[in-house]
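Colleague: mind folding the following:
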Amino acid sequence: MAYVITEPCIGTKDKSCVDVCPVDCIKGSDEDEQLFIDPEVCIDCGACVSACPVEAIFADSDVPAQWASYTELNAEYFKGASINPGTRL
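Modeller: Model prediction:
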């Protein structure tokens, strides 16, 4: 299981989650609308969940249905794909 950053992060990018991540798996450039979690590096510790002020982070098995596409968006970000969080995969 990995954690996923979803729609509430868009435009916020608070980065509190980055500060608490013990494995540095949360990334995002200044140009990105949101932050992303690398599912290959995430150790499922959950530290990011309580640090997120907009409640945008969920375990991949608990992502709300309306944001299900964000699971793939997070993974694709780390595969070098050009993505836009507003795009549904």
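Colleague: can you give me the strands for the protein?
Modeller: All strands of the chain, identified by DSSP state E, fall at 3-5, 26-27, 36-37, 57-59.
Colleague: okay, buried residues for the helix ranked longest in the chain please.
Modeller: The single longest helix within the chain, with elements called by DSSP state H, is helix 69-77. Across helix 69-77, burial judged by 16 or more other CB atoms under 10 Å covers 70, 71, 73, 74, 75, 77. (Each C-beta comes from the backbone N, C-alpha and C, glycine too.)
Colleague: among those, which two are most distant?
Modeller: 71 and 77 (11.4 Å; CB to CB).
Colleague: tell me where the model's unsure across the chain.
Modeller: Low-confidence segments of the chain, defined by pLDDT under 70: 81-89.
Colleague: what about 50?
Modeller: Applying pLDDT under 50 to the chain flags the ranges 82, 86-89.
Colleague: gap between the nearest residue to residue 21 once chain neighbours are set aside and residue 72?
Modeller: Counting by CB to CB, 6 or more residues apart in numbering, the nearest residue to residue 21 once its immediate chain neighbours are dropped is residue 48, at 5.7 Å. Distance, residue 48 to residue 72, using CB to CB, to the nearest Å: 19 Å.
Colleague: now the strands of the chain as TSV including mean neighbour count?
Modeller: Listed next are these as TSV, based on neighbours: other CB atoms under 10 Å:
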stretch	mean neighbour count
strand 3-5	27
strand 26-27	20
strand 36-37	24
strand 57-59	19
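Colleague: looking at the ones you listed, spot the one closest to residue 15.
Modeller: Closest among these, using CB to CB: strand 26-27, at 8.2 Å.
Colleague: which other helices and strands does the closest one contact?
Modeller: Here strand 26-27 touches strand 36-37, going by 3 or more CB pairs under 8 Å, 6 or more residues apart in numbering; DSSP states H and E.
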